[in-house]
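[1] Take this sequence and fold it.
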Amino acid sequence: MVKNTIRNIIKPAVSHLVFMVAIGVGVVANAGGVQPLPDLQKAISEVTSLYGEKSVWADKQFQVQKFYYQIQSKSQKLKILNEVKEHFEKAVVKAEENFNSDEGEVSQSAITKLKLGLAGTLNDIVELESQKKIARLSLALISKNTYSADREMSDLEITPVEFSFKNYDEWFKVSGLVLRNEETSSGTFADEVALNTAYLKSEENQAKLDIAKNNRKITRALLVSEVANYDFGIGDPADLFEALIIYTRVLSGYYDSVYNFNLAVADLNRMKASWIGIP
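    Presented below is the predicted three-dimensional model:
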């Protein structure tokens, strides 16, 4: 009897504890507010499931990839611009202090250039922030607001997709494609030319990306050197200005190259789906 009484007391207590833990987990999960966007593959699956017409699936998949890549690439470019902004701000302060000192060796012209560089960077930040918001709105539209525009990504790093083929013929074979019968298929030659062209664009953008990767390493080393020299008082404002401009251009170009390459491969896959009759 005593055992039953104890059991009757413990069971509700345990149930209540489990319930409270579940609530606690829910509170923690939602403590950050809006849930982040899912990873790209899950997003593709979820968005295509919203459309009953299978004929549009390949196009919707491509659009999801495009908007994801846009958000990621612009986020990385913003990261670079904010880094450059900080360098310009510090350089302007240091240059003005030097100019106003008794041993000032910095010209007003050099200070003006640094300020103009800062202004240009701020302008680029405003533009990119706007473009990123537009990409998120576009994603919200194609997802029928499943992914609202205020949802961020948990992983904003954009990386090149896998693409390693010697030539078009190898890619065609590895992709499991077969040549169509020209007698029974309309537009066969035109379709194959379009497919081959899309492959060549992927190759082209991959080659450009390889160049951008090398330039990225060199430019980073240049900036680190110029910033260090300037901080120690042995650098020239003009050299720092030039290094920051080059760094901005090359690093932004790198992320543009990743975006262009990934999108070219996505477009190739869209055309491949059309070739084999997959929506």
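
[2] From now on I want contacts and neighbour counts done on CA atoms only, so please keep to that.
    Will do.

[3] any low-confidence regions in the stretch 101-250 of the chain?
    Within the stretch 101-250 of the chain, the ranges that satisfy pLDDT under 70 run 102-104, 180-187.

[4] mind checking which helix or strand the residue nearest the centre of the chain is in?
    Centroid-nearest residue in the chain: Q72, 1.6 Å away (criterion: CA atoms, centre = their mean). Using DSSP states H and E, Q72 maps to helix 57-100.

[5] Pull out the buried positions in the following helix or strand past that helix.
    For helix 57-100, the following helix or strand on the C-terminal side (DSSP H and E) is helix 108-142. By 16 or more other CA atoms under 10 Å, the buried positions in helix 108-142 come out as 110-111, 113-115, 117-118, 121-122, 124-125, 128, 132, 134-140, 142.

[6] Distance from the helix holding Q72 to the middle of the chain?
    11 Å (CA atoms, centre = their mean, to the nearest Å).

[7] what helices or strands is that helix leaning on?
    On a contact count with 3 or more CA pairs under 8 Å, 6 or more residues apart in numbering; DSSP states H and E, helix 57-100 meets helix 40-48, helix 108-142, helix 237-275.

[8] out of those, nearest to N196?
    helix 237-275 (8.9 Å; CA to CA).

[9] Show me what counts as buried in the closest one.
    237, 240-275.

[10] so the helix holding Q72 versus helix 108-142, what angle?
    160 degrees (axes from the mean of the first three to the mean of the last three CA atoms, to 10 degrees).

[11] And the average pLDDT for helix 57-100 is what?
    Mean per-residue pLDDT for helix 57-100: 95.

[12] got the angle between it and helix 237-275?
    Using the same axes, to 10 degrees: helix 57-100 against helix 237-275 is 180 degrees.

[13] relative orientation of helix 57-100 and helix 40-48 in degrees?
    130 degrees.
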